[in-house]
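>>> Curious how this folds, go ahead:
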Amino acid sequence: MLEAWHERQLFGRLELGEAWQDSGRVFTREDGQPLRSAYISEHFGVLIRQAGLPPVRFHDARHGAASMLLAAGQPPKVVSEILGHSTVAFTMNVYAVVAEELAEAAAVAIEAFMPRRNRTEAAQ
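Model prediction:
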């Protein structure tokens, strides 16, 4: 899909010539200008309704994606870079709750892995 979009954008760029404004963005207005953030949020809302999904803000989807990446075991550095945060520390501060849940899950996993003495040995 991105390759098709890129080709379409290149064609539009050629059509506009010098009128094209190179914003360096992947998704732009027809003349290359960046999309307004309000437009992105509004359009996202329309797509959510059309898909019959529960209401969610665009920014919430970003948080959800970050939480799922962390829960899936992706390194915080990778998640931080995907989100465009300046530091991993900022990412981990924002997603501290997710990190705590992952730590608890890790503790449960380790506990299940550790060999245990049976009850009769423990009683002796």
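>>> where in this protein is pLDDT low?
Applying pLDDT under 70 to the chain flags the ranges 96, 98-99, 116-124.
>>> Identify the residue spatially nearest to His59, adjacent ones excluded.
Of all residues not flanking His59 in the chain, Ser41 sits nearest, at 7.8 Å (C-beta to C-beta, 6 or more residues apart in numbering). C-beta: built from backbone N, CA, C; applies to glycine.
>>> and Leu70, how many neighbours does it have?
20 (other C-beta atoms under 10 Å).
>>> Just the element for it, please.
Leu70 is part of helix 58-71 when elements are defined by DSSP states H and E.
>>> Tell me the helix or strand right after that helix.
By DSSP H and E, the next helix or strand past helix 58-71 is helix 76-83.
>>> Give me the distance between that following helix and the centre of its chain.
9 Å (C-alpha atoms, centre = their mean, to the nearest Å).
>>> Remind me what that helix packs against, helices and strands.
Applying 3 or more C-beta pairs under 8 Å, 6 or more residues apart in numbering; DSSP states H and E, we find helix 76-83 packed against helix 58-71, helix 88-94.
>>> Render the CA-only coordinates of that helix in CSV, please.
C-alpha atoms of helix 76-83 as CSV (Å, rounded to 0.1, in the frame of the first residue of the first chain):
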residue,chain,number,x,y,z
PRO,A,76,12.0,0.0,24.9
LYS,A,77,14.6,1.7,22.6
VAL,A,78,12.8,0.4,19.5
VAL,A,79,9.4,1.6,20.9
SER,A,80,10.9,5.0,21.8
GLU,A,81,12.3,5.3,18.2
ILE,A,82,8.9,4.3,16.6
LEU,A,83,7.1,6.9,18.8
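>>> Offset the numbering so it begins at 223, please.
Okay, using 223 as the starting number, the last item reads as helix 298-305.
>>> what angle do the strand or helix carrying Glu322 and helix 280-293 make?
Per DSSP H and E: Glu322 is located in helix 318-335. Helix 318-335 and helix 280-293 are oriented at 30 degrees to each other (axes from the mean of the first three to the mean of the last three C-alpha atoms, to 10 degrees).
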